[in-house]
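**Q** sequence-free structure coming up:
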């Protein structure tokens with residue numbers, strides 16, 4: 001299903017542990033990159049571009065906390081799982097507050113590791129707490145770094161300036177790829193909470209038991225696989241900002257539990273009896289029309305009013321096309337910095353016009369992806385319409401008019417999704433509805449299959 005296996009970097013100075021983890025990851029369909037030399041591993045970070053890093057803490061030359069800093073310096077959104085045979089509550093708290101997603105104690109169960117990996121691929125954890133990186137992160141999300149000169153975006157910037165000064169609960173609504181998390185981070189890093197953690201979780205990516213455990217934490221022995229007591233994200237985000245991404249995809253049962261936590265401003269860990277007070281600013285984000293979801297009985301009305309104190313509506317890129325040229329310029333400069341290649345990318349008038357005509361269903365995220373491909377594959381600086389078509393020929397159809405705006409830029413998206421849906425339907429049928437077995441038939445993770453099943457309404 002996936003075009004390329006997900007790269008995961010594994011670092012441990014014990015060869016047997018390294019082989020054990022690598023073998024398990026490869027069996028699950030991931031692409032492990034294993035290193036006993038921690039210095040070589042951190043040097044390879046930009047080339048491998050791992051989505052998850054698994055690292056021992058106690059190693060020669062560089063310890064796991066230094067690996068954590070290197071990972072966050074390379075990509076602030078890469079999740080890291082720390083493992084150690086030398087467990088202590090202090091080191092566990094240091095790990096998670098420093099930005100690690102999980103902290104596993106040797107010897108750990110294979111299922112425990114795989115659950116942590118799936119969780120790492122489905123969410124973002126704490127923003128880094130390392131001062132040098134935190135300063136850079138705060139700079140990235142200043143209001144003047146939000147790109148857009150259109151009147152719609154100017155109104156949003158003014159609203160965000162006001163919102164950032166308060167502790168009011170915010171609901172950010174917009175299509176996928178419009179920059180909802182960027183807005184949430186901008187609010188956080190321009191508020192009085194900016195020196196405290198920013199925490200993000202994707203409510204659509206985790207089943208209820210995992211989502212509950214992540215939000216509220218769990219006590220040791222509270223369920224199969226709960227080998228240690230784990231602090232919840234709401235607890236770890238103390239005095240910071242908490243983003244509930246895709247909150248519209250949360251089940252009704254979880255909505256009820258979340259509502260109670262927001263009303264009482266306290267949580268109970270799974271299997272626990274102690275009420276734990278929480279002090280976080282809540283920002284929710286969704287691509288769904290929550291009022292319509294309320295009508296369909298898919299979303300609680302009382303929770304809607306709890307999270308919709310100040311709504312922020314992000315317009316799709318097709319409704320603010322005057323922002324495309326400055327966005328292109330900004331993204332191109334980021335690509336140059338990210339790649340380390342002294343390469344420039346520009347567009348001739350007809351090339352820019354070609355991009356301006358497209359309706360961008362994937363919004364800014366799609367623009368970023370297209371520009372990255374053009375940047376990496378182009379052999380010259382100034383790209384014309386013809387150059388763009390030639391470079392993207394493997395992903396574009398022949399020149400025809402689209403129904404929206406007469407654009408010439410046609411993706412294979414619809415045909416690909418139709419084929420993908422049929423394959424999933426066939427696998428589920430062959431597996432008798434068993435999603436785990438269907439995922440194995442499709443050579444993808446169960447989490448990926450669950451996401452696709454929801455996407456295509458195959459439940």
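**A** Cool, got the structure. Being a predicted model, the structure only gives us computed values, none of them experimental.

**Q** number of residues surrounding residue 81?
**A** Around residue 81 there are 24 other residues, counting by other C-beta atoms under 10 Å. All C-beta spots, glycine's among them, are computed from the backbone N, C-alpha and C.

**Q** so it sits in a strand?
**A** Yes. With DSSP: H, G, I helix; E, B strand; the rest coil as the criterion, residue 81 is located in a strand.

**Q** and it, how far from residue 104?
**A** Going from residue 81 to residue 104 by C-beta to C-beta, to the nearest Å gives 6 Å.

**Q** could you pull out the strands for the stretch 201-350 of the chain?
**A** 217-218, 230-231, 241-245, 266-267, 276-277, 281-286, 310-313, 346-347 (DSSP state E, counting those that start in this stretch).

**Q** count of neighbours near the nearest residue to residue 252 once chain neighbours are set aside?
**A** Once flanking residues are discounted, residue 252 sits nearest to residue 300: 6.7 Å by C-beta to C-beta, 6 or more residues apart in numbering. Residue 300 has 18 neighbours, counted by other C-beta under 10 Å.

**Q** go ahead and confirm residue 300 touches residue 255.
**A** Yes. Assessed by C-beta atoms under 8 Å, residue 300 is found in contact with residue 255 at 4.8 Å.

**Q** pLDDT score assigned to residue 276?
**A** The score at residue 276 is 92. That number is its pLDDT.

**Q** oh sorry, the question was meant for residue 396
**A** 44.

**Q** what's the answer for residue 90, then?
**A** On the pLDDT scale, residue 90 gets 45.

**Q** ok, which stretches of the stretch 351-459 of the chain are strands?
**A** 382-383.

**Q** report the separation between residue 170 and residue 278.
**A** 17 Å.

**Q** settle it for me: which of those two has more neighbours?
**A** The neighbour comparison of residue 170 against residue 278 (other C-beta under 10 Å) goes to residue 170, with 26 against 21.

**Q** what sits against the more buried one?
**A** With contact set as C-beta atoms under 8 Å, 6 or more residues apart in numbering, residue 170 has these partners: 163, 184, 187, 282, 283, 284, 309, 310, 311, 312.

**Q** just these now: which is nearest residue 459?
**A** residue 284 (23.2 Å; C-beta to C-beta).

**Q** is the closest one bridged to anything, and to what?
**A** residue 171, residue 244 (DSSP bridges).

**Q** hmm, it is touching residue 246, no?
**A** No. Judged on C-beta under 8 Å, residue 284 makes no contact with residue 246 at a distance of 9.1 Å.

**Q** higher neighbour count, those two?
**A** Neighbours were counted for residue 284 and for residue 246 using other C-beta under 10 Å; residue 284 has more, 28 against 18.

**Q** output the below-cut-off pLDDT ranges for the stretch 201-350 of the chain.
**A** Filtered on pLDDT under 70, the stretch 201-350 of the chain yields the residue ranges 225, 227, 338-341.

**Q** and if we set it to 90?
**A** For the stretch 201-350 of the chain, the stretches with pLDDT under 90 are 201-211, 213-214, 217-239, 272-273, 329-346.

**Q** between the two ends of stretch 346-360, how far is it?
**A** Separation of the first and last residues of stretch 346-360 by C-alpha to C-alpha, to the nearest Å is 19 Å.

**Q** typo on my end, it should be stretch 146-155
**A** Start-to-end span of stretch 146-155 (C-alpha to C-alpha) is 12 Å.

**Q** list the buried ones in stretch 329-343?
**A** Using 16 or more other C-beta atoms under 10 Å as the test for burial, stretch 329-343 gives 330, 331, 332, 335.

**Q** neighbours of residue 51, just the number please.
**A** Neighbour tally, residue 51, other C-beta under 10 Å: 18.

**Q** just give me the neighbour total for the nearest residue to it once chain neighbours are set aside.
**A** Excluding the flanking residues, the one nearest residue 51 by C-beta to C-beta, 6+ apart is residue 6, at 5.3 Å. If you count neighbours by other C-beta under 10 Å, residue 6 ends up with 19.

**Q** now do the contacts for residue 6.
**A** 29, 30, 31, 51, 52, 121.

**Q** before we move on, the earlier item: what sits in contact with each of residue 81 and residue 104?
**A** Common contacts of residue 81 and residue 104 (C-beta under 8 Å, 6+ apart): 113, 116.

**Q** any idea how far residue 120 is from residue 82?
**A** Noted for residue 82: a distance of 12 Å to residue 120, by C-beta to C-beta.

**Q** hmm, I was thinking of residue 275
**A** 29 Å.

**Q** of these two, which one has the most company?
**A** residue 120 (22 against 9).

**Q** which parts of the stretch 351-459 of the chain are helices?
**A** Here the stretch 351-459 of the chain has its helices, by DSSP state H, counting those that start in this stretch, at 363-377, 385-391, 413-430, 435-442, 446-455.

**Q** lowest average pLDDT across those?
**A** helix 413-430 (a mean of 71).

**Q** would you mind measuring from residue 335 to residue 373?
**A** Counting by C-beta to C-beta, the gap from residue 335 to residue 373 is 10 Å.

**Q** equivalent analysis for residue 281, please.
**A** From residue 281 over to residue 373 (counting by C-beta to C-beta), the distance is 37 Å.

**Q** for residue 189, same thing?
**A** Taking C-beta to C-beta, one finds residue 189 at 30 Å from residue 373.

**Q** of those two, which one has the most company?
**A** Using other C-beta under 10 Å, the more surrounded residue of residue 189 and residue 373 is residue 189, with 23 against 15.

**Q** for residue 343, give me its contacts.
**A** 336, 375.

**Q** now the phi/psi pair for it, please.
**A** phi -120, psi 140 (degrees, to the nearest 10).

**Q** cool, residue 433 as well?
**A** phi 90, psi 0.

**Q** ok, now residue 275?
**A** phi -80, psi 120.

**Q** wait, what's in contact with it?
**A** When contacts are counted by C-beta under 8 Å, 6+ apart, residue 275 touches 264, 266, 267, 268.
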